[in-house]
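Engineer: only the shape, not the letters, is given here:
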């Protein structure tokens, strides 16, 4: 039998399911973990100033409370691969849903700042698990011809979660008379904002009961008959199901359960492919994208925009985010992952550079001069658009695809952990950096966007159209 790493014999590469809508539903359900991340990212944006006021904390302490969830994310991401390999992808999703539900209730009813931070860590752990399981599961169930578009559902769910969260925050803020600490249902408005997270968390848990387990996990657990049923469901009955199972089994026999030790090797601790995954994750965050969602309201207020308008501008940014993500979903399987990443990097350099220029001017009567104010607003939207149509989507797609089968789960966990740590570094440092010099802060983000271009050109290989068994 020919090695499946070289020439799959089942027809998997050209598989087309009879019921594509069902496969789309499965991918969308798995991507609900991304929705939770997006929702959590933006919901805290609506509570930042209220938390500062209620607990009377400075920028540095406030940043730690906002960013501490990301430490939980890193731990969850690092452990999710092993958990998923042991008990299955679906069970892992269900654990994440339960933890996030508990976190939402606890965050809405904190006794003090320390337990608000604790509940955010718990929620972060759940999101970190989901951030690994979502892309891995989608990559494992998606037909090769559709995998890029279905893999982009993770980022689509994130941006939709951000937009819906900001819309809900805006509605709650208006219901509370425009005051984040206004009374609403016996709680302060910001507490209601955090409590509403229960709804998507429960929905995520319910959806996990109606989607199938990954064929690769089923085969690893000795359940070949069920694996054939799922493969027929997601890849269609025109492929040779027995040969398809044999391909996966053959690939798995040449490997063992991926562990951290399997990632070691090469000149710099990790194997080169793992460093590429880490690099993609770090660059995705070091351009400062999450500043736009964790602190956008605070940022706009700092340059003279009133609170109500700042929430509106944050929402328009989310709409641009969705538009960019849709563009990426259309083109990721047509022109490939690597060209999209390069296009996005160039656009981000332009947007971030313009923001750095605009914020370099002194405020007049508490506001940026009119020209610089408009440039800052437009540039922020340019930056988000180019991020969304490129790095926002292709990094998740790459991480689900690029690693060889024998190390995929462990490598994805390490790369996702690096992403959360980088996210934490940016999120925790921004308030202090902005107090120091907002323009210089954006110069730093611009430099990272520029450095991402040679990184992609030299180290990143295209994965478009390849079966997972061909990777590595």
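Structural biologist: Received, thanks. Not measured: the values here are computed from a predicted model. Residues are numbered from 1 along each chain as shown.

Engineer: use CA for all of it now, contacts and neighbours both
Structural biologist: Fine.

Engineer: which residues touch stretch 200-209?
Structural biologist: The contact list for stretch 200-209, computed with CA atoms under 8 Å, 6 or more residues apart in numbering, reads 29-30, 32-33, 35-36, 90, 93-94, 97-98, 100-101.

Engineer: the longest helix in this protein is where?
Structural biologist: helix 408-459 (DSSP state H).

Engineer: show me what that one is packed against.
Structural biologist: Contact analysis of helix 408-459 by 3 or more CA pairs under 8 Å, 6 or more residues apart in numbering; DSSP states H and E lists helix 59-87, helix 113-141, helix 272-286, helix 291-294, helix 337-359, helix 391-401 as its packing neighbours.

Engineer: go with 7 Å
Structural biologist: helix 59-87, helix 113-141, helix 272-286, helix 337-359 (3 or more CA pairs under 7 Å, 6 or more residues apart in numbering; DSSP states H and E).

Engineer: looking at these, spot the one closest to residue 155.
Structural biologist: helix 113-141 (9.6 Å; CA to CA).

Engineer: and that closest one, how far from the chain's centre?
Structural biologist: 10 Å (CA atoms, centre = their mean, to the nearest Å).

Engineer: go through the helix or strand just after that helix and flag the buried ones.
Structural biologist: Helices and strands here follow DSSP states H and E; after helix 113-141, the next one along the chain is helix 147-151. By neighbour count on 16 or more other CA atoms under 10 Å, the buried set for helix 147-151 is 147-151.

Engineer: stretch 228-242 now?
Structural biologist: Quick answer for stretch 228-242 (16+ other CA under 10 Å): 228, 230-237, 239-241.

Engineer: before we move on, back to that, TSV for the helices and strands packed on helix 408-459, including mean pLDDT, mean neighbour count and distance to residue 442?
Structural biologist: Output for the helices and strands packed on helix 408-459, formatted as TSV (pLDDT from 0 to 100; neighbours: other CA atoms under 10 Å; distance: least, CA to CA, whole Å):
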stretch	mean pLDDT	mean neighbour count	distance to residue 442
helix 59-87	82	22	18
helix 113-141	88	26	26
helix 272-286	91	22	11
helix 337-359	94	23	5
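
Engineer: adding distance to residue 223, write those helices out as CSV.
Structural biologist: Shown next, in CSV, are the helices and strands packed on helix 408-459 (distance: least, CA to CA, whole Å):
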stretch, distance to residue 223
helix 59-87, 13
helix 113-141, 16
helix 272-286, 30
helix 337-359, 34
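
Engineer: which stretch among those comes nearest residue 313?
Structural biologist: With CA to CA as the criterion, residue 313 lies closest to helix 337-359 of those, at 15.1 Å.

Engineer: which other helices and strands contact whichever helix or strand comes after the closest one?
Structural biologist: Tracing the chain past helix 337-359, the next element assigned as helix or strand by DSSP H and E is helix 370-388. Secondary-structure packing of helix 370-388 (3+ CA pairs under 7 Å, 6+ apart): helix 307-331, helix 337-359.

Engineer: what's the offset of the shortest one from the middle of its chain?
Structural biologist: This means helix 337-359. 19 Å.

Engineer: for the first one, same thing?
Structural biologist: Helix 307-331 has its average C-alpha position 15 Å from the chain's average C-alpha position, going by CA atoms, centre = their mean.

Engineer: quick check: buried residues in that helix?
Structural biologist: Buried residues in helix 307-331, counted by 16+ other CA under 10 Å: 307, 310-311, 313-315, 317-329, 331.

Engineer: pull the number of nearby residues for residue 98.
Structural biologist: Counted with other CA atoms under 10 Å, residues neighbouring residue 98 total 17.

Engineer: which elements pack onto the helix or strand where it lies?
Structural biologist: Secondary structure assignment for residue 98, by DSSP H and E: helix 89-108. Applying 3+ CA pairs under 7 Å, 6+ apart, one finds that helix 89-108 makes contact with helix 113-141, helix 189-195, helix 198-207.

Engineer: residue 70 contacts residue 425, doesn't it?
Structural biologist: No. Counting by CA atoms under 7 Å, residue 70 sits too far from residue 425 to count as a contact (9.1 Å).

Engineer: quick one: low-confidence parts of this structure?
Structural biologist: Scanning the chain for pLDDT under 70 picks out 1-18, 254-262, 266-268, 293-311, 366, 465-472.
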